[in-house]
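K.L.:
show me how the following folds:
(4 chains)
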There are 2 protein chains.
Amino acid sequence: MRKRRPTIIDVAERAGVSKSTAARALAGAESILDETRERVLAAAKAVGYERNHLAVGMRSGRSGMLGLVIPDITNPFWADVARGAQDRAAEADVSLLVFSSDWDPAKEESHLRALRRARVDGAIVNPVSDALDDLDKFGLPFVLIGSSAERFADVSSVGSDITQAVELGLDHLVSKGHHAPNLIVGPKSRLARTRFLNAVQRHSIERNVDPAQLVIEDGEYTLEGGRLAMLRLLDRAYVGHICVFAANDMMAIGAMMAVRERGLRCPEDVSILGFDGIPSGAFTFPGLTTIAKPGRDIGARAVESLFDEIEGRPEHGRVYMPCRLIDRASLADLSREPRKLAG
Amino acid sequence: MRKRRPTIIDVAERAGVSKSTAARALAGAESILDETRERVLAAAKAVGYERNHLAVGMRSGRSGMLGLVIPDITNPFWADVARGAQDRAAEADVSLLVFSSDWDPAKEESHLRALRRARVDGAIVNPVSDALDDLDKFGLPFVLIGSSAERFADVSSVGSDITQAVELGLDHLVSKGHHAPNLIVGPKSRLARTRFLNAVQRHSIERNVDPAQLVIEDGEYTLEGGRLAMLRLLDRAYVGHICVFAANDMMAIGAMMAVRERGLRCPEDVSILGFDGIPSGAFTFPGLTTIAKPGRDIGARAVESLFDEIEGRPEHGRVYMPCRLIDRASLADLSREPRKLAG
DNA sequence: CTAACGCGTGGTAACGTTCCCACGAAGGTC
DNA sequence: GACCTTCGTGGGAACGTTACCACGCGTTAG
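P.N.:
This next block holds a predicted model:
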C-alpha cells in the first residue's frame, strides 16, 4: 500500500504558513522573509515534498516537456542527436519524450498527436513527408532537424554543414595527394545528393580541378548500394591507385567490401573516404577515415533553438553545425611516396 | 498569435450538452444515447478537440507516461531496448521519458527525481549502483533491466538468458568442430563474468569436456581488453587452429585485431565467437559470428511487466529473454575438412 | 497628523478533467 | 394509481498548483 504524496498544503501546514506563502518560498520569490523561506524549505524537506509537474503544467500552461520525433533511435546518428537533446534539456530541467517514426508519415502524425495531447511545450522533428501538412497544423512551437529539413526555408531548423564537411574532406584528400576523387553518391531523387555534388563541384573549382572530370557513380544509401557502385567504378576507372569519396559511411563500407572482393586492398590500391561518422567505421579493416556529422551538437542546438521559439524570440532560420574529420586508415598517403603506391 | 486550445467545455457547448455528458461520450461510456454520443463526437471533431493529458493525469492520478533510465542511449544495445519499450508503450497509448545515466549514481538519482516530479506511472531502470538506495525510496512501480539487475532477486526484472545463450554458442561451436573453446571474459569483479563462466562450465560437462581444461583469459570489457587477452592467448596456446569465445562483441573485435596483428588470419587460423550482437559486428572483416542479446524484446517485455506492476498484478521475479545466433564468417568449419585447416 | 506606499502574507479563483450524486422522465410492479 | 427502478443527463467538487487581489502593518512624505 502506497501512501499519498505530500502536497504543497502539507508543507504549508507544517511550516505554519498559507499555501500561497509556501508556493512563493518554494519558487524562490523575492518578497518573503528569509526566516519564513527557510522554515518552508525545511518543512518541504521534512515531509519529502516534490512539486507536481502535472499540476504546474495545468496551471501555468507549461508542461516542462519537449518532444523529439526522429526516424529511428536505433540508428547511431539519431541516437546521438537524442543524446545531445536530452543532455541540453536536462540542464534546463526539462524532460524529453522520444518517438521513432520509421520514416512513416502515418507514424509521424500519430506521434505528433501524442505530443499535443501530452501538452509538450514544443517539439523537435525530423520531417518525413515532403509537405509540412501535419507540422502546419501541429499548432506548437517546433524546430526541424536533419537534412530533409532544408526544404523548408522559412522555419527554424538545425543540420550539419555539408559544404564545410565537403571542404574538410577535399582538403584532407589533397593533403594526402588525392586530387580528383571518384564520387559515390545517393540516388538522383534525393536532395542530399544534389547538395553534396554542388559542394564538391564548387570546391573542385577552387582547387583548380575541372568538375567535369569527376567520375560519379550512384546507388542506394546502403551497404549494397555502395558495393555495387564501387564495382562499377573498378570496372571502368581502375588505373593504379584510385580514390573514392562516398556520400555516406554505409556506402563507404560497402565499397570497401567490393575492393576486397576484387582482390584489391584498401588503402594500398584504393583509398576510401566516408561521410557520417558511424561507430562501425572504427571496426572495419582498415578503419574508415570519414567526416563525422555532429549529431550530439545538432540535438543540443535544436533544443536551444526550440527554447527561443517557445519564448517567442526571433527565429533562426537554418543553423549549420560544423562536421569534423575522423582520420583512421582507409586513405593512402600519396604525397610522400607517390611512386611506390601509384605504380 | 496562437489561439486557445479547445476544451471539453467548448465541445459540450457546441453539442448542446453538459460537460459531464460530453466527457462520457468522449470516454465511450455505455449509458448514453447513440444520438447524443454522435453529436458530441461530431462537435469534438469540428472544434478540433484533443484531450489534455495533463488534466487527465491530475484528476485520475495516471499521467500516461513511463520513465526509462538506461546508461546511454548512444550504446546500440540500450538504443534497442529503448526502441522496444517505446513501441510497446505506444501500443498502449503511453509516452516514454528517456534518460541516460552514464553509469553515474548521481545522474541516476537526479533522473529518478525528475521522473517522480513528472508523475510518471512507473519506470524501467538499469540500476547502476550496487545498493538499491534510490530505487527503494523511488516510491513508484518499477522494473529493472539488464544484467546488473540480477543482484536483486526480489524485484521484477527482465534480462537476457545467458545460460541459453551460452548453450546456443557452444552447440554452434561443436557443430563446426570446435569442442573446447578458449574463453575471453571480463574482470573478476564483474558478476557477469561469473554467470558466463558458470554457464560455460555446466554445458561443457554436458558435452563431456572437462571444464578444467578450458583456458581462460580476462580483461576489461573493451576493444583493448579483448586485444590484450587474445595476444596472451596466442602466446601461450597457439597450436594449429584455435577457437575463442568472447564474452562480449567489443572484446571479440579486439581479439580479431590481435589475430591480424600477429599475422594470422580469422577464421583460417583462429575462430572467434562473440556475444552481444552489436551492429558493428556486421562490418568487421570477417563478419563476426555472435550471439545477439534481444534488446528490443527486453524493452518490450519490461514495459509489459511494468504494466503488471502498476496494475498490482503478482510480480514476475526475473524474466529471461532468449538470445539468438547471428552466423557470419568468423568461425572456421572444422567438421568438414579438418585436415586442410588444422594443418 | 493623515495619506500614501511598500512589504509580507493570506484567501480565492482558475487551469481541464473525471467522479460522484442528484434529478426528471419513462417504464414496470403491486 | 402510488411506488420503485432504470436510464440519460446535469451540477458540482476535487486533483495540486499558480496568479491575482486584498489585507494589515510599519514607514515615510506632504
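
K.L.:
other residues contacting stretch A:34-48?
P.N.:
With contact meaning Cβ atoms under 8 Å, 6 or more residues apart in numbering or on different chains, stretch A:34-48 is reached by A:6, A:10-12, A:14-17, A:21-22, A:25-26, A:49. In short, each C-beta sits where N, CA and C put it, glycine included.

K.L.:
ok, how many other residues are close to residue A:239?
P.N.:
For residue A:239, the count of nearby residues is 7 (other Cβ atoms under 10 Å in any protein chain shown).

K.L.:
distance of it from DNA strand C?
P.N.:
70 Å (Cβ to the nearest atom of the strand, to the nearest Å).

K.L.:
so which bits of chain A are right by DNA strand D?
P.N.:
Residues of chain A found near DNA strand D, taking Cβ under 7 Å from any atom of the strand as the criterion, are A:4-5, A:7-9, A:19-20, A:23, A:26-27, A:49, A:51-52, A:55-56, A:58-60.

K.L.:
and the helices in chain A?
P.N.:
Per DSSP state H, chain A carries helices over the ranges A:8-15, A:19-27, A:34-47, A:53-60, A:76-91, A:105-117, A:133-136, A:162-175, A:191-206, A:223-237, A:249-261, A:295-311, A:338-342.

K.L.:
out of the ones you listed, nearest to residue B:89?
P.N.:
helix A:105-117 (10.1 Å; Cβ to Cβ).

K.L.:
residue A:288 is in contact with residue A:276, correct?
P.N.:
No. In this structure residue A:276 lies outside contact range of residue A:288 using Cβ atoms under 8 Å: 9.4 Å.

K.L.:
quick one: which of those two has more around it?
P.N.:
Counted by other Cβ under 10 Å, residue A:276 and residue A:288 do not tie: residue A:288 has more neighbours, with 29 against 26.

K.L.:
most centrally placed residue in chain A?
P.N.:
The residue lying closest to the centre of chain A (Cα atoms, centre = their mean) is residue A:295, at 3.4 Å.

K.L.:
that older thread, by neighbours, which of the contacts of stretch A:34-48 wins?
P.N.:
That'd be residue A:22 among the contacts of stretch A:34-48, by other Cβ under 10 Å, with 28 neighbours.

K.L.:
on that earlier part again, and among the helices of chain A, the most buried is which?
P.N.:
Highest mean neighbour count of these: helix A:249-261, a mean of 25 (counted as mean count of other Cβ atoms under 10 Å in any protein chain shown).

K.L.:
for chain B, give me its nearest residue in chain A.
P.N.:
residue A:280 (4.0 Å; Cβ to the nearest Cβ).

K.L.:
show me what contacts residue A:221?
P.N.:
So residue A:221 contacts A:186-187, A:190, A:247-248, A:250-251 (Cβ under 8 Å, 6+ apart).

K.L.:
just give me the closest of these to residue B:222.
P.N.:
Closest approach to residue B:222 among the contacts of residue A:221 (Cβ to Cβ): residue A:250, at 24.7 Å.

K.L.:
and the closest one, what's its pLDDT?
P.N.:
Residue A:250 is assigned 98 on the pLDDT scale.

K.L.:
pick out the residue of the stretch 151-300 of chain A closest to DNA strand D.
P.N.:
residue A:156 (26.0 Å; Cβ to the nearest atom of the strand).

K.L.:
repeat that for the stretch 201-343 of chain A.
P.N.:
residue A:311 (14.6 Å).

K.L.:
which residues do residue A:276 and residue A:288 both contact?
P.N.:
With Cβ under 8 Å, 6+ apart, residue A:276 and residue A:288 have common neighbours residue A:249.

K.L.:
quick one on the thing from earlier: contacts only, for the residue of the stretch 201-343 of chain A closest to DNA strand D.
P.N.:
The contact partners of residue A:311, taken as Cβ under 8 Å, 6+ apart, number zero.

K.L.:
touching, residue A:266 and residue A:259? I think so.
P.N.:
Yes. Between residue A:266 and residue A:259 there is a contact at 5.0 Å, judged by Cβ under 8 Å.

K.L.:
spit out the residues that contact the two alike.
P.N.:
Joint contacts of residue A:266 and residue A:259 (Cβ under 8 Å, 6+ apart) are residue A:272.

K.L.:
lowest average confidence, helix or strand, in chain A?
P.N.:
helix A:338-342 (a mean of 46; mean pLDDT, DSSP states H and E).

K.L.:
on that earlier part again, what pLDDT does the residue of the stretch 151-300 of chain A closest to DNA strand D get?
P.N.:
Here the pLDDT value assigned to residue A:156 is 93.

K.L.:
make sure it is actually in contact with residue A:305.
P.N.:
Yes. Using Cβ under 8 Å, residue A:156 is in contact with residue A:305, at 5.1 Å.

K.L.:
intersection of neighbour lists for these two?
P.N.:
In contact with both residue A:156 and residue A:305: A:143, A:316, A:319, using Cβ under 8 Å, 6+ apart.

K.L.:
mind putting these into JSON lines with pLDDT?
P.N.:
Converted to JSON lines, the shared contacts of residue A:156 and residue A:305 look like this (pLDDT from 0 to 100):
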{"residue": "A:143", "pLDDT": "95"}
{"residue": "A:316", "pLDDT": "75"}
{"residue": "A:319", "pLDDT": "95"}
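
K.L.:
now, which of these sits nearest DNA strand C?
P.N.:
The closest of those, once distances to DNA strand C are taken by Cβ to the nearest atom of the strand, is residue A:143, at 24.8 Å.

K.L.:
how many neighbours does that closest one have?
P.N.:
So residue A:143, with other Cβ under 10 Å, has 26 neighbours.

K.L.:
do the same with the one 4 residues further on
P.N.:
Here the neighbour count serves as a burial measure; for residue A:147 (other Cβ under 10 Å) it reads 17.

K.L.:
and it, what's its pLDDT?
P.N.:
pLDDT at residue A:147 comes out at 86.

K.L.:
doesn't residue A:280 make contact with residue A:287?
P.N.:
No. Between residue A:287 and residue A:280 there is no contact under Cβ under 8 Å: 10.3 Å.

K.L.:
neighbour count: the two, which is higher?
P.N.:
residue A:280 (20 against 15).

K.L.:
and that one, what does it touch?
P.N.:
A:76, A:249, A:253, B:279-280, B:282-283.

K.L.:
tell me the one of these nearest residue A:223?
P.N.:
Taking these together and measuring to residue A:223 by Cβ to Cβ, the closest member is residue A:253, at 6.0 Å.

K.L.:
ok, that closest one - contacts?
P.N.:
A:223, A:226, A:274, A:280-281, A:284, A:288, B:283.

K.L.:
and DNA strand C, which of those contact it?
P.N.:
Answer for the contacts of residue A:253 near DNA strand C: none qualify (Cβ under 7 Å from any atom of the strand).

K.L.:
tell me the one of those nearest residue B:243?
P.N.:
Using Cβ to Cβ, residue B:283 comes nearest to residue B:243 of these, at 22.2 Å.

K.L.:
may I have the predicted confidence score for that closest one?
P.N.:
98.

K.L.:
so who does it touch?
P.N.:
Taking Cβ under 8 Å, 6+ apart, one finds A:223, A:253, A:280-281, A:283-284 in contact with residue B:283.

K.L.:
go again using 10 Å as the cut-off
P.N.:
Shown in contact with residue B:283 (Cβ atoms under 10 Å, 6 or more residues apart in numbering or on different chains): A:223, A:249-250, A:253-254, A:256-257, A:278-285, A:288, B:253.

K.L.:
any idea how far residue B:227 is from the closest residue in space to it that isn't next to it in sequence?
P.N.:
Residue nearest to residue B:283 in three dimensions, not counting chain neighbours: residue A:280, with 4.5 Å by Cβ to Cβ, 6 or more residues apart in numbering or on different chains. Distance, residue A:280 to residue B:227, using Cβ to Cβ, to the nearest Å: 18 Å.

K.L.:
and what of residue A:290?
P.N.:
22 Å.

K.L.:
point out where the stretch 201-343 of chain A drops to low pLDDT.
P.N.:
Applying pLDDT under 70 to the stretch 201-343 of chain A picks out residues A:237-238, A:337-343.

K.L.:
sounds good, over and out.
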